[in-house]
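A.B. asks: below is the structure, and that's it, no one-letter string:
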């Protein structure tokens, strides 16, 4: 191998030899990085640095293929066993497609990951087509064709492949054309596959959880909104839209305190929200809000901060109940109670014994004044008397 590489470099131009050495060092550095990740036992393929190193190795090999003079022994360095081994190691196997002959090389690692033996596999695209999920065949063909025709810089596609057991596994395929002829037609495509089934399952679970959360938030009868540290609206739900009179798309980015909090309480509300951002608690905090139409509603708020994975606060979530009608009803009940108290106090003077004159029938009030029945009732219970005849007196009047 070393002799082959030296021979290739000898046949290449000085500039090409320099470029080759740089690319080789880049590949070796990233290859060693991948080895360290693999040896750590961590979920390496979930590590963004892992995929960055993989891309650099793949790009480096293609760069090497393009910088070394065609037909030289050095060009075989880019397409030889060492580079295939590096690509094979970083993923779940590689494939090498010769478009002139139609032959496809599948690495042992790739076949093993799908449970196939090499004797069961035809060395062409027909094998991949036969195990590709029917729903993914069109997109795989479209993405591959676009790259081969030179309309994209690289090939990248997620699709499902059927294992020998019948189970489908999600695969991320990445590749590039590494050889083109003088007319620019693709001659060879080299790629690497990654099994992303676990990541897809986790992503689906997260998507379902987010959907459930969204449904809960949207159907909640409470106002729910999120603010950033500048009080700008990041999100709010349907109940917030209804009470404020503004659609979510319109509200996003607006300063909530400036637009929806009355000026007379704006400073206090801003201070309360800032206290939550600083880690304080805010429970059952009442303040009015202004609607789009200029009316006010009274809400009671419960707020808490939102933190990222490093514990840094990036927002506040506030949940509120509209208590406007409740407060009005409480006030009406209070007024009714006060009115009843006044009435009871006025009737208090009618309790106990009334001192009535035996002759003129006048009544003595609490001040010692002797009043007629009409005068007494008017001063005691604030009623006015009207006079008429009872049936027996009316008969006497008529007879008289």
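C.D. replies: Received it, and whenever you're ready, just let me know what you need. Since we're looking at a predicted model, the values are computed, not measured.
A.B. asks: return the distance of residue 248 relative to residue 225.
C.D. replies: Residue 248 sits 10 Å away from residue 225, going by CB to CB, to the nearest Å. In this view, the C-beta of every residue, glycine as well, is placed from N, C-alpha and C.
A.B. asks: please, where are all the helices along the stretch 101-250 of the chain?
C.D. replies: Per DSSP state H, counting those that start in this stretch, the stretch 101-250 of the chain carries helices over the ranges 108-114, 125-131, 137-148, 197-219, 238-244, 248-251.
A.B. asks: low pLDDT regions in the stretch 51-200 of the chain?
C.D. replies: For the stretch 51-200 of the chain, residues meeting the criterion pLDDT under 70 lie at 51-92.
A.B. asks: repeat the analysis, applying 90 as the threshold.
C.D. replies: Within the stretch 51-200 of the chain, the segments meeting pLDDT under 90 span 51-96, 105, 107-110, 113, 153-155, 172-181, 184, 188-200.
A.B. asks: also the stretch 301-400 of the chain?
C.D. replies: Flagging of the stretch 301-400 of the chain using pLDDT under 90 yields the residue ranges 305-315, 317-319, 321, 323-400.
A.B. asks: the same query, at a cut-off of 80, please.
C.D. replies: By pLDDT under 80, the low-scoring segments of the stretch 301-400 of the chain are 309, 335-354, 359, 361, 365-366, 373-390, 392-400.
A.B. asks: where do the helices sit along it?
C.D. replies: 324-347, 373-381, 391-399.
A.B. asks: and those: which comes nearest residue 180?
C.D. replies: In terms of CB to CB, the element of these nearest to residue 180 is helix 324-347, at 71.5 Å.
A.B. asks: give me the angle between the closest one and helix 373-381.
C.D. replies: Orientation of helix 324-347 against helix 373-381 (axes from the mean of the first three to the mean of the last three CA atoms, to 10 degrees) gives an angle of 140 degrees.
A.B. asks: buried residues in helix 324-347, which are they?
C.D. replies: Residues of helix 324-347 classed as buried under the neighbour-count rule (16 or more other CB atoms under 10 Å) are residue 324.
A.B. asks: again, but for stretch 208-218
C.D. replies: Here stretch 208-218 shows residue 217 as buried, counting by 16+ other CB under 10 Å.
A.B. asks: repeat for stretch 286-300
C.D. replies: Buried residues in stretch 286-300 (16+ other CB under 10 Å): 287-290, 297-300.
A.B. asks: of all these, which two lie farthest apart?
C.D. replies: Spanning the widest gap among those are 290 and 300, at 16.4 Å by CB to CB.
A.B. asks: tabulate the helices of the stretch 101-250 of the chain (a markdown table), appending distance to residue 266.
C.D. replies: Putting the helices of the stretch 101-250 of the chain into a markdown table (distance: least, CB to CB, whole Å) gives the following:
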| stretch | distance to residue 266 |
| --- | --- |
| helix 108-114 | 61 |
| helix 125-131 | 64 |
| helix 137-148 | 53 |
| helix 197-219 | 27 |
| helix 238-244 | 16 |
| helix 248-251 | 18 |
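A.B. asks: just say which of the ones you listed is most tucked in.
C.D. replies: Sort the helices of the stretch 101-250 of the chain by mean neighbour count, taking mean count of other CB atoms under 10 Å, and helix 238-244 sits at the top with a mean of 19.
A.B. asks: from the contact counts, what lies against that helix?
C.D. replies: In terms of contacts (3 or more CB pairs under 8 Å, 6 or more residues apart in numbering; DSSP states H and E), helix 238-244 is packed against strand 223-227, helix 248-251.
A.B. asks: of all the ones you listed, which one is nearest residue 361?
C.D. replies: Residue 361 lies closest, by CB to CB, to one member of the helices and strands packed on helix 238-244: strand 223-227, at 67.1 Å.
A.B. asks: quick one: that closest one to helix 197-219, angle?
C.D. replies: Put simply, strand 223-227 runs at 120 degrees to helix 197-219, going by the same axes, to 10 degrees.
A.B. asks: packing partners for strand 223-227?
C.D. replies: strand 233-236, helix 238-244, strand 313-322.
A.B. asks: can you list these in a markdown table and add distance to residue 161?
C.D. replies: Shown next, in a markdown table, are the helices and strands packed on strand 223-227 (distance: least, CB to CB, whole Å):
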| stretch | distance to residue 161 |
| --- | --- |
| strand 233-236 | 38 |
| helix 238-244 | 42 |
| strand 313-322 | 39 |
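A.B. asks: quick one, which of these is nearest to residue 278?
C.D. replies: strand 313-322 (8.2 Å).
A.B. asks: tell me, how many residues neighbour the closest residue to residue 105 other than its chain neighbours?
C.D. replies: Excluding the flanking residues, the one nearest residue 105 by CB to CB, 6 or more residues apart in numbering is residue 96, at 4.1 Å. Applying other CB atoms under 10 Å, we find 19 residues neighbouring residue 96.
A.B. asks: which positions within the helix or strand harbouring residue 269 qualify as buried?
C.D. replies: Using DSSP states H and E, residue 269 falls within helix 263-277. For helix 263-277, the neighbour count (16+ other CB under 10 Å) marks 269-270, 272-273, 276-277 as buried.
A.B. asks: residues touching the spatially closest residue to residue 285 that is not a sequence neighbour, list them.
C.D. replies: Distances taken as CB to CB, 6+ apart put residue 301 closest to residue 285, at 4.8 Å, once the chain neighbours are dropped. Contacts for residue 301 were tallied using CB atoms under 8 Å, 6 or more residues apart in numbering; they are 282, 284-287, 318-320.
A.B. asks: swap the cut-off to 7 Å and go again
C.D. replies: Counting by CB atoms under 7 Å, 6 or more residues apart in numbering, residue 301 makes contact with 282, 285, 318, 320.
A.B. asks: and if you look at residue 363?
C.D. replies: Counting by CB under 7 Å, 6+ apart, residue 363 has contacts 354-356, 371, 373, 376.
A.B. asks: now do residue 200
C.D. replies: Listed by CB under 7 Å, 6+ apart, the contact set of residue 200 reads residue 170.
A.B. asks: recalculate using a threshold of 10 Å.
C.D. replies: By CB atoms under 10 Å, 6 or more residues apart in numbering, residue 200 lies in contact with 158, 160, 169-172.
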